[in-house]
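In: structure of the sequence below:
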Amino acid sequence: MQIFLQVVDAGSFSKAAKRLLVTPASVMKHMNTLENRLGMTLLKRSNHGIQLTAAGKSLYEDGKRMFADAENAIARARNAELSDGITIRVGSSLLNPSSVLSNLWAPLREKYPQYKFRIVPYEDRKEQILSVIGSLGERMDVLVGCFNSRAMLKMADYLHLGNYQLCVAVPKGHPLCSKKKLSLQDLHGERLVMIKSGDTELLDYFRTILNMTHPQIMITDAGYYYDMDTFNMCEQTGMFLLTLDAWSDIHPFLTTLPVQWDYQIPYGILYPKNPSSDVKNFIEIIKEEIVREK
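Out: From the prediction side, this is the model:
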């Protein structure tokens, strides 16, 4: 039936075949099958294309209405699904994917079936990240990831879920890529790109210790936040990047390696200072079911 509608709209078997990405012979076979099943002629074939018979015209008009009704029914079902329960809009980006939260929530789905996630994509752009956080509650309800900067925490509340390990990403082809774990001495004489000081207390402390104990490591500032350009810049210049184990797959030409140190960075859920009741209750469930268990 769908092919029949396509044939009529296109005006010929060959044009319909192009739209459907099949052969004209396949389209003709479907039309012959449809006519045989119905026991009536729907199309008059000619070298100039096709023409509808009276029966074909009737079936075409009813068929268009039928499929329009089907699409509307699906749309209504989707709207009903969203209205039947509580939808939490979760922001998702390359550096801060929503899968972190959905994986933690998976064991709780049966216990709290009323909660549903709607994934809202956003870009990791240095220039935009603060505006994304400032608009929490409008387009997105929560973000998941490492949001430890002072500027970010002034704009939203933060629920700590766990920690990521600080690692170093090395451009592929560098001799150190073959190592399973780096020593601090391996970094001597290398340029290490990291977050600019002054906005993230934990990384400021890390930088101070590194400067005091290993001044042979040359630190290069990347600004207050990372984005994909930061990873690209390190791959193109051959510089090392202070990164996280959670970001090991971000760039195909950077190899993320652990280092002989014990430094971690918290990750968690960022949500509005004045959340809606639905979001507030959701956060309380996370605190009860996930955070307290840890």
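In: list the contacts for Gly39?
Out: Going by C-beta atoms under 8 Å, 6 or more residues apart in numbering, Gly39 touches no other residue. Every residue, glycine included, has its C-beta placed from N, CA and C.
In: list the buried ones in stretch 129-142?
Out: 129-130, 132-133, 136-137, 140-142 (16 or more other C-beta atoms under 10 Å).
In: for stretch 146-162, same thing?
Out: For stretch 146-162, by 16+ other C-beta under 10 Å, it's 146-149, 152, 155-156, 158-159, 161.
In: following the chain onward from the longest helix anywhere in the chain, which element is next?
Out: Looking across the chain with DSSP state H, the single longest helix is helix 54-83. Remark: after helix 54-83, the chain's next helix or strand is strand 86-92, criterion DSSP states H and E.
In: what's the angle between that following strand and helix 54-83?
Out: 90 degrees (axes from the mean of the first three to the mean of the last three C-alpha atoms, to 10 degrees).
In: can you tell me which helices and strands strand 86-92 packs against?
Out: Helices and strands touching strand 86-92, by 3 or more C-beta pairs under 8 Å, 6 or more residues apart in numbering; DSSP states H and E, are helix 99-105, strand 115-121, strand 143-145, helix 277-286.
In: so how far is the third one off the chain centroid?
Out: On the basis of C-alpha atoms, centre = their mean, to the nearest Å, strand 143-145 sits 11 Å off its chain's mean C-alpha point.
In: swap in the second one?
Out: Strand 115-121 has its C-alpha centroid displaced from the chain centroid by 10 Å (C-alpha atoms, centre = their mean).
In: using CSV, list the CA coordinates for the helix or strand just after that strand.
Out: For strand 115-121, the following helix or strand on the C-terminal side (DSSP H and E) is helix 129-134. The C-alpha atoms that make up helix 129-134 are tabulated as CSV, following Å, rounded to 0.1, in the frame of the first residue of the first chain:
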residue,chain,number,x,y,z
ILE,A,129,29.1,26.4,28.5
LEU,A,130,28.3,29.1,31.1
SER,A,131,25.2,30.1,29.2
VAL,A,132,24.1,26.4,29.0
ILE,A,133,24.4,26.1,32.8
GLY,A,134,22.7,29.5,33.3
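In: let's number from 98 now, not from 1
Out: I'll keep to 98 as the first residue from here, and by that count the last item is helix 226-231.
In: need the contact partners of helix 226-231.
Out: 188, 219, 237, 240, 244, 248-249, 252-253, 322, 324, 367.
In: please work out the average pLDDT along that helix.
Out: The average pLDDT within helix 226-231 is 92.
In: can you show me the strands along the stretch 198-347 of the chain?
Out: With strands called from DSSP state E, counting those that start in this stretch, the stretch 198-347 of the chain shows them at 212-218, 240-242, 253-268, 288-291, 315-318, 337-341.
In: which strands or helices does the shortest one pack on?
Out: Meaning strand 240-242. Applying 3+ C-beta pairs under 8 Å, 6+ apart, we find strand 240-242 packed against strand 183-189, helix 196-202, strand 361-369.
In: pick the most deeply packed of the ones you listed.
Out: Highest mean neighbour count among the helices and strands packed on strand 240-242 (mean count of other C-beta atoms under 10 Å): strand 361-369, with a mean of 21.
In: so what strands line up beside that one?
Out: Neighbouring strands of strand 361-369 in its sheet, by DSSP bridges, are strand 240-242 (antiparallel), strand 253-268 (antiparallel).
In: got those as TSV, with distance to Leu198 and mean pLDDT columns?
Out: Listed next are those as TSV, based on distance: least, C-beta to C-beta, whole Å; pLDDT from 0 to 100:
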stretch	distance to Leu198	mean pLDDT
strand 240-242	4	96
strand 253-268	8	96
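In: is it possible to export these to CSV including distance to Lys141?
Out: Shown next, in CSV, are those (distance: least, C-beta to C-beta, whole Å):
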stretch, distance to Lys141
strand 240-242, 60
strand 253-268, 66
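In: and those strands: which comes nearest Ser155?
Out: Distance to Ser155, taken as C-beta to C-beta, is lowest for strand 240-242 among the strands paired with strand 361-369, at 54.3 Å.
In: before we move on, the earlier item: nearest to Pro363, out of the strands of the stretch 198-347 of the chain?
Out: Of these, nearest to Pro363 by C-beta to C-beta is strand 253-268, at 5.1 Å.
In: and the angle from that closest one to strand 337-341?
Out: Computed by the same axes, to 10 degrees, the angle between strand 253-268 and strand 337-341 is 140 degrees.
In: just the CA coordinates of strand 253-268, formatted as PDB?
Out: The C-alpha coordinates for strand 253-268 follow below in PDB (Å, rounded to 0.1, in the frame of the first residue of the first chain):
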ATOM      1  CA  ALA A 253      23.800  25.900  39.800                       C
ATOM      2  CA  ASP A 254      23.700  23.300  42.600                       C
ATOM      3  CA  TYR A 255      25.900  20.100  42.300                       C
ATOM      4  CA  LEU A 256      25.300  16.600  43.600                       C
ATOM      5  CA  HIS A 257      28.600  14.600  43.800                       C
ATOM      6  CA  LEU A 258      28.300  11.100  42.400                       C
ATOM      7  CA  GLY A 259      31.800   9.900  42.200                       C
ATOM      8  CA  ASN A 260      35.400  10.600  41.000                       C
ATOM      9  CA  TYR A 261      37.300  10.300  37.700                       C
ATOM     10  CA  GLN A 262      41.000   9.700  37.700                       C
ATOM     11  CA  LEU A 263      43.300  12.400  36.300                       C
ATOM     12  CA  CYS A 264      45.300  11.000  33.400                       C
ATOM     13  CA  VAL A 265      47.500  12.300  30.600                       C
ATOM     14  CA  ALA A 266      46.600  12.100  26.900                       C
ATOM     15  CA  VAL A 267      49.600  11.500  24.600                       C
ATOM     16  CA  PRO A 268      49.500  12.100  20.800                       C
END
